[in-house]
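Enquirer: Okay, predicted coordinates and the sequence, questions at the end:
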Amino acid sequence: MGNTTSSAISKEILEDLKLTTKFTEMEICQWYENFQKQCPTGRISPGEFEEIYARFFPEADAKSYARHVFRSFDTNDDGTLDFKEYIIALHMTSSGKTTRKLEWAFSLFDVDKNGYINKSEVKEICQAIFKLIPEEEQKMLPADENTPEKRANKLWAYFDKKDNERLAEGEFIKGVIENENAMRLIQYEPLKQ
């Protein structure tokens, strides 16, 4: 009886997600079930997304980072994420160093969605990333990246741009791929216990 409430995931979305992500059919269906339970409307609001995200970072303040992640995946700008946008968000933020992930990282840093990144946007995201890092870990950071400003300066330096210049997507991706350090600075990887 339990299955009558909500429809199963559509074949079309399932096939699409299997192509665009590394998740199995079983995983996707499992998530869809949970998604239906948590979000009966079929949509996630920014608040709900922040709660989901906070669970991944219990030691830190993930709110502003979650808000930026939400913005970057709300591709149709309707202020909510549907199931497909949500799964792609999970996939992008958890999978390896692919160009796709860097395309996503670019949209994360492109705060005003104008197709370019400037240094103040880099600062804004570095501040959000910094809030994800537990205080104990912050103390262990190298001297040239132990504040959001220093992290932003260090990252910006890899792109050979003046402070008032802007960065296109291709330049961003190239800069990050060519510099292991830049790859590390655009995200926060929790220290493995």
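Expert: Received, thanks.
Enquirer: going forward, measure contacts between C-alpha atoms and count neighbours the same way
Expert: OK.
Enquirer: Now residue 133. Nearest residue, chain neighbours left out?
Expert: Closest residue to residue 133 apart from its sequence neighbours, by C-alpha to C-alpha, 6 or more residues apart in numbering: residue 60 at 6.2 Å.
Enquirer: which element is that neighbour on?
Expert: Secondary-structure assignment from DSSP states H and E places residue 60 in no helical or strand segment.
Enquirer: Look up how far residue 188 lies from it.
Expert: To residue 188, residue 60 is 12 Å away according to C-alpha to C-alpha, to the nearest Å.
Enquirer: okay, and the common contacts of these two?
Expert: When contacts are counted by C-alpha atoms under 8 Å, 6 or more residues apart in numbering, residue 60 and residue 188 have 132, 133 as shared neighbours.
Enquirer: I'd say residue 46 and residue 70 touch.
Expert: Yes. Taking C-alpha atoms under 8 Å as the contact criterion, residue 46 and residue 70 are neighbours in contact, 6.6 Å apart.
Enquirer: Pick out whichever of those two has more residues nearby.
Expert: residue 70 (25 against 20; other C-alpha atoms under 10 Å).
Enquirer: by contact count, what packs against the helix or strand hosting that one?
Expert: Counting by DSSP H and E, the element that carries residue 70 is helix 63-73. Secondary-structure packing of helix 63-73 (3 or more C-alpha pairs under 8 Å, 6 or more residues apart in numbering; DSSP states H and E): helix 46-56, helix 83-94, helix 99-109, helix 119-132.
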